[in-house]
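Trainee: My questions concern the predicted model and sequence given below.
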Amino acid sequence: MGFEGKVAFVTGGGSGIGAECVRRFADLGAYVVAADINAENVAKVAADAGDNVRGVQMDVTDPDAVAATIADITATEGALHVAVNNAGITGELAPTHELSIEAFRRAIDINLAGVFHGMRAEIPAIINSGGGVIVNTASVAAASGYPYAAAYCASKHGVLGLTRAAGVEYAQAGVRVVAVGPGAIDTPMTRAAPPEVAKAAIEMAPAKRPGRPEEVAAAICFLASPEASFITGSYHAVDGGYLAQ
Ligand SMILES: NC(=O)c1ccc[n+]([C@@H]2O[C@H](COP(=O)([O-])OP(=O)(O)OC[C@H]3O[C@@H](n4cnc5c(N)ncnc54)[C@H](O)[C@@H]3O)[C@@H](O)[C@H]2O)c1
């Protein structure tokens, strides 16, 4: 896959899909910085993943903290080649007219502004490193409506907009920007959802099973690799056929 000598950065690296990306990039030879708001989880993921992984506590809603983390990576590791903006929350599930203003703002702040804060710091760092790839974790909710999840859907549709705009802008600057759209994946996020919501999400996919975080991480690693050199500005569902219906 060609990650030897490369430096990768993963947000939400302390759990689920992000933790699986951390492990996979490290196994494929990259030096990986895993960031998460949960210091304990990300430290454990980093320690388990080996010597070429470092965990940092970072909140994606804080643009200064994100910029400082990226500046520290380029100062310490000398470069940044791959960034996976993956941190996210489901947030409050409610009929749209009953969704609280606070819950709406929180989902947008973490899931959408958090990705923007990442891209804003990562793009110049990647250009200065000779080029690389940004993979944003969207969702099938970036390309379809999900009942009772208006804020989540809006935030993930926004991630697609950021991805497309930046993909077009930086196509000649050596930075590819893509999004993955997981369907229902078996992670702590889905395990925390009300059982009937999780069950319905699984039943809606033709595969009739939840995806595994490894299956999403595999797609992310492919998209971040030189094998995907002509892929940019695009959205890639990893959803057991959900969006094909
Ligand atoms: N699991 C699914 O079914 C599914 C489906 C579609 C999309 N996604 C997306 O995949 C991504 C990863 O989800 P997951 O299923 O692995 O969930 P997860 O809850 O297992 O992991 C998310 C991680 O993000 C971290 N995080 C939350 N807020 C943060 C913040 N402000 N700053 C930094 N880190 C923060 C959490 O601490 C957690 O470690 C999310 O963006 C999610 O929306 C997941």
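Mentor: Okay, I see it.
Trainee: Spell out which residues belonging to the protein are near the ligand, please.
Mentor: 11-12, 14-18, 36-38, 41, 58-61, 86-89, 110, 114, 137, 139, 182, 184-185, 187-190 (Cβ under 6 Å from any ligand atom). C-beta: built from backbone N, CA, C; applies to glycine.
Trainee: Going by neighbour count, which of these are buried?
Mentor: By neighbour count, with 16 or more other Cβ atoms under 10 Å, the residues of the chain next to the ligand hold 11-12, 14-18, 36-38, 41, 58-61, 86-89, 110, 114, 137, 139, 182, 184-185, 187, 189-190 as buried.
Trainee: and those, which of them are in helices?
Mentor: 16-18, 41, 114, 189-190 (DSSP state H).
Trainee: tell me the two of those that are most distant?
Mentor: 114 and 190 (19.6 Å; Cβ to Cβ).
Trainee: tally of neighbours for residue 6?
Mentor: For residue 6, the count of nearby residues is 24 (other Cβ atoms under 10 Å).
Trainee: what's the spacing between it and residue 67?
Mentor: 21 Å (Cβ to Cβ, to the nearest Å).
Trainee: same question, residue 209
Mentor: For residue 209, the distance to residue 67 - Cβ to Cβ - is 40 Å.
Trainee: The two: which is more packed in?
Mentor: Comparing residue 209 with residue 67 by other Cβ under 10 Å, the one with more neighbours is residue 67, at 16 against 12.
Trainee: Quick check: that one touching residue 121?
Mentor: Yes - between residue 67 and residue 121 there is a contact under Cβ atoms under 8 Å: 4.5 Å.
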